[in-house]
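K.L.:
Pasting the sequence and the predicted coordinates here, then a few questions.
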Amino acid sequence: MSGLMSSPILWLTATLIVFEGADRLSRRSGRHPLCHPVLLATPVLIGVLLLTRTPYSTYYSATQMLVFLLGPAVVGLAVPIWAQRAVIRRLAVPIGLALAAGAVTAVVSAVGILALFGAPREILASIAPRATTTPVAMEMAQQLGGVPALAAVIVLFAGVFGAMVATPLLNALKIDDFRARGFATGVSAHGIGAARAFQVDATAGAFASLGMALNAVATATLLSVLALLI
Amino acid sequence: MIGAIALLLVCQLAGEAIHRLTGLPLPGAVIGMVLLVGWLALVRKERPTLEAVTGWLTAHLSIMFVPAAVGLIDEGAALSRYGVGIVVATVISVLLTLSVTALVFRWAVRRFGPDEQEQA
């Protein structure tokens, strides 16, 4: 029995069942950002680990199979980038400038404000990649000496909040170009923002996916350069 | 199907190798993404299977970071100490990033954009 308590079959099954339940609730909510399946599933699984007194390291090694898939998924972001090559070429200057401005703003503002709260380096390193898609954020946090779990949750929160405020904020700024609206949502709120943008408008959704994929590269590059300098 | 998966893995493997051998600080998977864009540019053909595989992976990205998010179980101390700072910093950063990105995009389209007629 003790072998089973640390086996992939037990914890993969538990994760899939809890996630499927969370996903059904999320669907029933009309995919409201606050009902994101990861936000619902994570506390339940933490509760299960606490009740069964399972150490996190046991759970993490048992679910490595899911973690492994993140790598190929990130590589696969090449496909939407390639599919949008005509748009990228035509709007190269606006896309390049907005991407650079957005990536720098996200890193500097998040790290700068958190530093005012006296957070140590490992916490700052966990928030620095907050605008990238989760797998890249976890990897970057790890490389910078941060905490991947914290990075994952910060990125998730940023995505949920970004998806909720994008429409009212961009309305208030009187941005009526759906390309600008979508791109900004993807750069700032990655996949969760892109999912929301698709609900609003197809063009906005396509530009949000592009913003997310390009910002994964831009922020990773920016942080790599900063890490070398600091 | 297997060919498409192998292509993704080859790109990631090459990315990881470049990451380790050259000390390039980008994550191996991100280098792999850039390599795959290069490969798609080099060998031009329709790739319905690759699109299906990457589409499936992207659609199920969420469950892949559940194991990491559960790691919060060990971060209680950091959260109770810096939780407020993290929330404040994230909220302001999201608002600023959304605004700056959208405003720069609109400004650059007006200043350099080739297609004014497309503007809504």
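P.N.:
It's in.
K.L.:
contacting residues for residue A:191?
P.N.:
Counting by Cβ atoms under 8 Å, 6 or more residues apart in numbering or on different chains, residue A:191 touches A:133-134, A:159, A:212, B:58, B:61. (Each C-beta comes from the backbone N, C-alpha and C, glycine too.)
K.L.:
Now do the buried residues in the helix or strand hosting it.
P.N.:
Assigned by DSSP states H and E, residue A:191 falls within helix A:178-200. Buried residues in helix A:178-200, counted by 16 or more other Cβ atoms under 10 Å in any protein chain shown: A:178-198, A:200.
K.L.:
Same check on stretch B:23-43?
P.N.:
Residues B:25-37, B:40 are the ones in stretch B:23-43 that count as buried (16+ other Cβ under 10 Å).
K.L.:
Among those residues, name the ones in helices.
P.N.:
Judged by DSSP state H, the buried residues of stretch B:23-43 include B:28-37, B:40 as members of helices.
K.L.:
Chain neighbours aside, what residue packs nearest to residue A:6?
P.N.:
The shortest distance from residue A:6 to any non-neighbouring residue, by Cβ to Cβ, 6 or more residues apart in numbering or on different chains, is to residue A:58 (4.7 Å).
K.L.:
In terms of secondary structure, what does the top helix by length along chain B contact?
P.N.:
Across chain B, the longest stretch assigned as helix under DSSP H is helix B:76-112. Counting contacts by 3 or more Cβ pairs under 8 Å, 6 or more residues apart in numbering or on different chains; DSSP states H and E, helix B:76-112 packs against helix A:92-116, helix A:121-127, helix A:148-172, helix A:178-200.
K.L.:
helix/strand/coil for residue A:146?
P.N.:
Three-state assignment for residue A:146 (DSSP: H, G, I helix; E, B strand; the rest coil): coil.
K.L.:
Give me the number of neighbouring residues for the closest residue in space to it that isn't next to it in sequence.
P.N.:
Counting by Cβ to Cβ, 6+ apart, residue A:146 lies nearest to residue A:125, which is 3.1 Å off, once chain neighbours are set aside. Residue A:125 has 23 neighbours, counted by other Cβ atoms under 10 Å in any protein chain shown.
K.L.:
Could you do the one 10 residues further on as well?
P.N.:
For residue A:135, the neighbour count with other Cβ under 10 Å is 26.
K.L.:
Would you check how far apart it and residue B:29 are?
P.N.:
7 Å (Cβ to Cβ, to the nearest Å).
K.L.:
ok, the nearest residue to residue A:224 once chain neighbours are set aside - contacts?
P.N.:
With Cβ to Cβ, 6+ apart as the criterion, residue A:224 has its nearest non-adjacent residue at 3.6 Å, and that residue is residue B:25. Taking Cβ under 8 Å, 6+ apart, we find residue B:25 in contact with A:143, A:224, A:227-228, B:19.
K.L.:
So among those, where is pLDDT lowest?
P.N.:
When the contacts of residue B:25 are compared by pLDDT, residue A:228 scores lowest at 79.
K.L.:
what stretches of the chain score poorly on pLDDT?
P.N.:
Since you didn't name a chain, this refers to chain A. Within chain A, the segments meeting pLDDT under 70 span A:1-2.
K.L.:
switch to chain B, that's the one I care about
P.N.:
B:113-120.
K.L.:
let's see it at 50
P.N.:
The model of chain B has pLDDT under 50 over residues B:117, B:119-120.
K.L.:
Tell me which residue is most central in it.
P.N.:
Nearest to the mean C-alpha position of chain B, by Cα atoms, centre = their mean, lies residue B:30 at 7.7 Å.
K.L.:
Pop the domain breakdown of chain B in here.
P.N.:
What the record gives for chain B is the domain set B:1-64, B:69-120, from automatic domain parsing.
K.L.:
Excluding residues flanking it in the chain, which one is nearest residue B:3?
P.N.:
Spatial nearest neighbour of residue B:3, excluding adjacent residues (Cβ to Cβ, 6+ apart): residue B:49 at 6.9 Å.
K.L.:
helices or strands next to the one helix or strand the one you found maps to in the packing?
P.N.:
For residue B:49, the host element (DSSP H and E) is helix B:48-59. On a contact count with 3+ Cβ pairs under 8 Å, 6+ apart, helix B:48-59 meets helix A:70-75, helix A:78-83, helix B:2-22.
K.L.:
Can you give me the buried ones in the longest one?
P.N.:
Going back to what we said before, that points to helix B:2-22. Per 16+ other Cβ under 10 Å, helix B:2-22 contains these buried residues: B:4, B:7-8, B:11-16, B:18-19.
K.L.:
Keep the residues you listed, but drop any that are not near chain A.
P.N.:
Restricting these to those touching chain A (Cβ under 8 Å from any Cβ of the partner chain) yields B:8, B:11-12, B:15.
K.L.:
Identify the farthest-apart pair in those.
P.N.:
Farthest apart among those by Cβ to Cβ are B:8 and B:15. That separation is 10.6 Å.
K.L.:
Need the residues touching each of those two.
P.N.:
In contact with both residue B:8 and residue B:15: A:75, B:32, using Cβ under 8 Å, 6+ apart.
K.L.:
Okay then, goodbye and thanks.
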